[in-house]
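**Q** need the 3D shape of this:
(chains A and B)
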Amino acid sequence: MKKHLTIDSCIDGATGREVEISYYENINDLSDDEHFERLTKPFLAAIDFDGVELNQWRILKFLYSDGKKISAGFAIELLIFSMVNIDIEPFNIVFVASSGITFPKVSNAELYSALLLEDITANQTRLVEALRILEPRLDSITILTLGDSNVIHGQIGNQLMPLNAMGEGVERVTEMILAIGKAQNGILLIDEIENGFHYSVLEDVWKVIAKAARDFNVQIFATTHSLETIRAAHQAFSESDTYDFRYHRLDRRKSGQITASSYDQETMQAAVEMDFEIRG
Amino acid sequence: MAQIIAEDKPGRLLIVEGADEVTFFKALCEFLDIGHLIQIEDYKGKDRLRLFLANLVEDSTSFDRLAHLGIVRDAGYKTNAFDSIRSALRHANTKNVLNQLPIPEKNFVPFGNQLKVSTLILPDDALEGMLENVVLESFKEDSIIACVNAYFACLTSNGLALTENVLPKATMRVFLAGKSVVTGDTRWWITDIYTQDWWSWDSPAFDSIKLFLRQMITD
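**A** Numbers count the residues shown, from 1 in each chain, chains lettered A, B, ... in the order given. Prediction:
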């Protein structure tokens, strides 16, 4: 099936040439000799995506005015994300570096305080429950002012201990949950998400992160080099009500180009069962 | 855990239904002295072919190494195996637009340019059955076969007829039981037979499979 899209601009941003754009429901409508090229941003801004289903690969076919044909493929969900960027709508982006530093740079105590002001019961419970994955004895958390610093402490029995003294994993989960709260209705970028965690807790870490992300309406982009982390994410999201997770694998091609592949749930499950290497 | 096509592999990938087929094709490739030219993997049953192929196209590093993909499938019963393979290829091609597998128009005939795909239906795309039918065909002159057929005819006359989809494997087992009586060899299963003195790859029953494998290495 083929239908034309409403196009405001038909200029290839890379070459400046005029193009005609066609839309294909099915990749198999393309002939074998057609090759693929990446879309450029001016195209994305011009396409009307009303009614297009998410999470489906689609093909756009470009016919240059000089007769040359080019096809491009991409996931609609990625495309819409790109369009959000183009739209220049301001939205929240928070970054958690592999070293554990959060940008914009705000102290954990300050982030936690902001969350408590928003909803003290829900957000306190959320953080305590998340941290209990790593420290089951944790009763509660509180902020203590020590000298010039405000520091989040955990209470275990009748003892108070700074969270950063409870281990790297506790500190990392704290940062992530607080960063998700900070990124409300926006995007959180986490570099090397596995850092600081024992492999046995990774699945539970994903579960609490996923829950917090849904609660705060945050989309998370996390990077990893760890197969255990990828598999744990797949397992965690498979057990949730919705599999709102995609693994995007980056490979450096023979040509030197880096390309992305997106694993859906079924393909990921098969990769796990067949014991395939899925790291790029 | 491994990449589908490792760096040191030849880029000619033969995928087969199960472990028995892996053993058969590895033994035949060794006999033909092309074992080092073809990588053989198991897609763990016909229902998982499309999932294997989906993973192949998502693994761009392996895909870049792929020069020829051979797909072997049992013809089965009351099904169109070739159409089913084409459907699995089409499914895989929806997963990654950058890595498209050629979809053969005809069984056995390699299709594609730089990357080729070919399919082999066993025992033949015009017949129903499986790998065991090919192996049994190679034994058709063996005197034990007459006894085996008489045995199953006897079962049938006593109301114990086997369904067509289990008969080839059952026939193979009974044949090997008979062979063990003759040879004193206690091995019972198809994966054990290719190293036996009485085994031969010279039967015409294997001719089309040999041709298929040679096609894979001559592109």
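**Q** buried stuff in the worst-scoring helix or strand of chain B on mean pLDDT?
**A** When the helices and strands of chain B are compared on mean pLDDT, DSSP states H and E, helix B:167-183 comes out lowest with a mean of 89. Going by neighbour count (16 or more other Cβ atoms under 10 Å in any protein chain shown), the buried part of helix B:167-183 is B:167-172, B:174-176, B:178-179. (Glycine included, C-beta is placed from N, CA and C.)
**Q** and the strands in the chain, which stretches?
**A** Looking at chain A here, since you left the chain open. A:2-4, A:19-24, A:57-64, A:69-75, A:93-96, A:102-103, A:140-146, A:149-156, A:159-162, A:187-190, A:219-222, A:247-252, A:258-263 (DSSP state E).
**Q** hmm, no, I was thinking of chain B.
**A** Under the criterion DSSP E, strands of chain B are mapped to B:12-16, B:39-42, B:68-74, B:116-122.
**Q** looking at the stretch 101-250 of chain A, which residue is nearest chain B?
**A** Residue of the stretch 101-250 of chain A nearest chain B, by Cβ to the nearest Cβ: A:R249 (6.6 Å).
**Q** any idea what that residue is bridged to?
**A** Beta-bridge partners for A:R249, by DSSP bridges, are A:S261.
**Q** got a pLDDT number for the residue of chain B most remote from its centre?
**A** Distance from the centre of chain B peaks at B:N158, with 33.6 Å (Cα atoms, centre = their mean). pLDDT, B:N158: 94.
**Q** now it: how far from chain A?
**A** Using Cβ to the nearest Cβ, to the nearest Å, B:N158 is found at 42 Å from chain A.
**Q** which parts of chain B sit against chain A?
**A** B:1-4, B:44, B:48, B:51-52, B:54-55, B:57-61, B:64, B:90, B:93-100, B:102-103, B:112-113 (Cβ under 8 Å from any Cβ of the partner chain).
**Q** look up how far B:L37 lies from the residue of chain B found nearest chain A.
**A** Of all residues in chain B, B:V97 sits closest to chain A, at 2.7 Å by Cβ to the nearest Cβ. Distance of B:V97 to B:L37, computed by Cβ to Cβ, to the nearest Å: 30 Å.
**Q** for the chain, what spans make up the helices?
**A** This is for chain A. A:41-46, A:76-87, A:108-118, A:120-131, A:168-182, A:202-216, A:227-238, A:265-273 (DSSP state H).
**Q** ah, no, chain B please
**A** With DSSP H as the criterion, chain B has helices at B:19-31, B:49-58, B:60-65, B:81-93, B:131-138, B:143-157, B:167-183, B:207-217.
**Q** got the phi and psi for B:L127?
**A** Dihedral angles phi and psi of B:L127 (degrees, to the nearest 10) take the values phi -120, psi 160.
**Q** in this structure it contacts B:D74, no?
**A** No - between B:L127 and B:D74 there is no contact under Cβ atoms under 8 Å: 10.5 Å.
**Q** beta partners of A:I220?
**A** A:L188.
**Q** my guess is it contacts A:W206. True?
**A** No - A:I220 lies out of contact with A:W206 (Cβ under 8 Å); the separation is 10.0 Å.
**Q** neighbour-wise, which of those two wins?
**A** Using other Cβ atoms under 10 Å in any protein chain shown as the criterion, A:I220 and A:W206 rank with A:W206 on top: 24 against 21.
**Q** would you agree the more buried one is in contact with A:R231?
**A** No - the criterion here is Cβ under 8 Å, and A:W206 misses it with A:R231 at 10.3 Å.
**Q** how about the nearest residue to B:S203, chain neighbours excluded?
**A** Distances taken as Cβ to Cβ, 6 or more residues apart in numbering or on different chains put B:S138 closest to B:S203, at 3.6 Å, once the chain neighbours are dropped.
**Q** tell me, how many residues neighbour the one you found?
**A** Residues within reach of B:S138, counting by other Cβ under 10 Å, total 16.
**Q** list the contacts of it.
**A** Counting by Cβ atoms under 8 Å, 6 or more residues apart in numbering or on different chains, B:S138 touches B:200, B:203, B:205-206.
**Q** now neighbour count and pLDDT too, for the residues you listed, in TSV please.
**A** Compiled in TSV, these are given as follows (neighbours: other Cβ atoms under 10 Å in any protein chain shown; pLDDT from 0 to 100):
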residue	neighbour count	pLDDT
B:S200	12	93
B:S203	15	96
B:A205	17	97
B:F206	20	97
